[in-house]
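>>> Mind looking at a prediction? Sequence and model below.
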Amino acid sequence: MTFHLTGVERQRGQYSYRVKETADGTPWIAGEPAGDPLKIIGTDGSDLEVGFTLRPGTTYQEALEVAKCTNEWIAEIVVS
(Lines give C-alpha, C1' and ligand atoms only; values in the text may rest on other atoms or scores of the structure.)
Protein backbone atom coordinates (compact mmCIF):
# COMPACT_ATOMS: atom_id res chain seq x y z
CA MET A 1 0.00 0.00 0.00
CA THR A 2 1.32 3.43 -0.94
CA PHE A 3 0.06 6.63 0.58
CA HIS A 4 1.08 10.26 0.54
CA LEU A 5 0.27 12.79 3.23
CA THR A 6 0.02 16.23 1.69
CA GLY A 7 1.90 18.87 3.64
CA VAL A 8 3.52 16.37 6.01
CA GLU A 9 7.30 16.37 6.19
CA ARG A 10 9.38 13.22 6.33
CA GLN A 11 9.76 12.03 9.89
CA ARG A 12 12.22 9.69 11.54
CA GLY A 13 11.65 7.94 14.84
CA GLN A 14 13.79 5.79 17.09
CA TYR A 15 12.14 2.78 18.69
CA SER A 16 12.93 -0.18 20.92
CA TYR A 17 11.29 -3.47 19.95
CA ARG A 18 9.88 -6.15 22.25
CA VAL A 19 7.47 -9.05 22.07
CA LYS A 20 3.89 -8.67 23.24
CA GLU A 21 0.99 -11.11 23.01
CA THR A 22 -2.61 -10.70 21.95
CA ALA A 23 -5.42 -11.91 24.22
CA ASP A 24 -5.22 -15.36 22.60
CA GLY A 25 -1.45 -15.61 23.13
CA THR A 26 -0.34 -14.73 19.59
CA PRO A 27 3.03 -12.94 19.70
CA TRP A 28 3.63 -9.66 17.90
CA ILE A 29 6.41 -7.05 17.90
CA ALA A 30 5.81 -3.69 19.55
CA GLY A 31 8.02 -0.72 18.78
CA GLU A 32 8.03 1.70 21.70
CA PRO A 33 9.54 5.20 21.57
CA ALA A 34 13.24 5.33 22.40
CA GLY A 35 15.07 8.54 21.68
CA ASP A 36 13.26 10.75 19.18
CA PRO A 37 9.82 9.24 18.39
CA LEU A 38 7.66 9.94 15.34
CA LYS A 39 5.45 12.98 15.83
CA ILE A 40 2.43 12.11 13.73
CA ILE A 41 -0.77 14.17 13.43
CA GLY A 42 0.30 16.84 15.88
CA THR A 43 1.30 14.52 18.74
CA ASP A 44 4.60 14.65 20.59
CA GLY A 45 5.00 10.95 19.82
CA SER A 46 5.73 9.90 23.39
CA ASP A 47 2.83 7.44 23.45
CA LEU A 48 2.93 6.34 19.80
CA GLU A 49 3.51 2.60 19.55
CA VAL A 50 4.34 0.90 16.25
CA GLY A 51 3.29 -2.73 15.85
CA PHE A 52 4.29 -5.58 13.57
CA THR A 53 2.06 -8.60 13.05
CA LEU A 54 4.10 -11.76 12.55
CA ARG A 55 3.20 -14.54 10.14
CA PRO A 56 0.71 -17.12 11.43
CA GLY A 57 2.28 -19.86 13.53
CA THR A 58 5.22 -17.78 14.76
CA THR A 59 6.23 -19.01 18.22
CA TYR A 60 7.04 -16.74 21.14
CA GLN A 61 10.70 -17.83 20.92
CA GLU A 62 10.82 -16.96 17.22
CA ALA A 63 9.25 -13.58 17.99
CA LEU A 64 11.99 -12.94 20.57
CA GLU A 65 14.61 -13.59 17.88
CA VAL A 66 12.85 -11.19 15.50
CA ALA A 67 12.72 -8.48 18.20
CA LYS A 68 16.41 -9.02 19.00
CA CYS A 69 17.42 -8.68 15.33
CA THR A 70 15.16 -5.66 14.87
CA ASN A 71 16.77 -3.93 17.85
CA GLU A 72 20.22 -4.69 16.45
CA TRP A 73 19.58 -3.70 12.84
CA ILE A 74 16.83 -1.06 12.62
CA ALA A 75 18.11 2.40 13.55
CA GLU A 76 15.00 4.43 12.71
CA ILE A 77 11.52 4.22 11.25
CA VAL A 78 10.96 6.72 8.45
CA VAL A 79 7.52 8.02 7.45
CA SER A 80 7.11 10.36 4.49
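Thanks, I have the structure now. Numbers count the residues shown, from 1 in each chain.
>>> what pLDDT does the closest residue to residue 80 other than its chain neighbours get?
Distances taken as C-beta to C-beta, 6 or more residues apart in numbering place residue 10 nearest to residue 80, at 3.8 Å, with adjacent residues excluded. Every residue, glycine included, has its C-beta placed from N, CA and C. pLDDT, residue 10: 77.
>>> residue ranges with poor pLDDT in the chain?
1-8, 37-48 (pLDDT under 70).
>>> on that earlier part again, could you check how far the residue nearest to residue 80 is from residue 28?
Residue 10 is 26 Å from residue 28, where distance means C-beta to C-beta, to the nearest Å.
>>> if you count what's nearby, which of the two comes out ahead?
The neighbour comparison of residue 10 against residue 28 (other C-beta atoms under 10 Å) goes to residue 28, with 16 against 8.
>>> That one against residue 20, yeah?
Yes - at 5.8 Å, residue 28 counts as touching residue 20 under the criterion of C-beta atoms under 8 Å.
>>> mind listing the helices for the protein?
Under the criterion DSSP state H, helices of the chain are mapped to 60-73.
>>> Could you report the neighbour count for the residue lying closest to residue 60 once chain neighbours are set aside?
Take residue 60 and drop its neighbours on the chain: the residue closest to it by C-beta to C-beta, 6+ apart is residue 27, 4.9 Å away. Using other C-beta under 10 Å, residue 27 has 19 neighbouring residues.
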